[in-house]
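*Asks:* below: sequence and its predicted model.
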Amino acid sequence: MSSTRRIADKYNETQARIIACLNSGVTKGKHYFKSKYIAKELGLSSKEVGTNMAILSEICQELSIIRWSYSNSTTWMVKPRSAY
């Protein structure tokens, strides 16, 4: 089963879109993401992103998602699970 199919089966549509965005960034070498920039890229509100990121930080098995800091928007540190 492909990873895209597993993500679609496990998460709601918004969470799957966020994971795809995070995976794309991690692949490019990024490890820190602000909620407001994810929201802008995906056409969501910052609150929507923050709520879903908090959920994903607890249930996402593909990525390690940690609330890193708050300054004008929540920053999240994201790494592939295999990095730990």
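*Replies:* That came through, no problem.
*Asks:* just the helices in the chain please.
*Replies:* Listed in chain order, the helices of the chain (DSSP state H) span 3-10, 13-27, 35-42, 46-59.
*Asks:* can you point out the buried residues in the longest one?
*Replies:* In other words, helix 13-27. Neighbour counts over helix 13-27 (16 or more other CB atoms under 10 Å) mark 14, 15, 16, 17, 18, 19, 21, 22, 23, 25, 26 as buried. No exception for glycine: its C-beta is placed from N, CA and C like everyone else's.
*Asks:* do you know which of the helices of the chain lies nearest residue 81?
*Replies:* Closest approach to residue 81 among the helices of the chain (CB to CB): helix 13-27, 10.8 Å.
*Asks:* before we move on, the earlier item: minimum distance to residue 78: which of the helices of the chain has it?
*Replies:* Nearest of these to residue 78, taken as CB to CB: helix 13-27 at 5.1 Å.
*Asks:* point out where the chain drops to low pLDDT.
*Replies:* 1-8, 83-84 (pLDDT under 70).
*Asks:* go again with 80.
*Replies:* By pLDDT under 80, the low-scoring segments of the chain are 1-9, 71, 82-84.
*Asks:* end to end, how far does stretch 35-54 reach?
*Replies:* Stretch 35-54 has an end-to-end distance of 11 Å (criterion: CA to CA, to the nearest Å).
*Asks:* tally of neighbours for residue 79?
*Replies:* 14 (other CB atoms under 10 Å).
*Asks:* that one - nearest residue in space that isn't next to it in sequence?
*Replies:* residue 64 (4.8 Å; CB to CB, 6 or more residues apart in numbering).
*Asks:* surely the one you found touches residue 80?
*Replies:* Yes: in this structure residue 64 lies within contact range of residue 80 using CB atoms under 8 Å: 7.4 Å.
*Asks:* related to what we said a few turns ago, which among the buried residues of helix 13-27 gets closest to residue 48?
*Replies:* Of the buried residues of helix 13-27, the one sitting nearest to residue 48 (CB to CB) turns out to be residue 14, at 6.6 Å.
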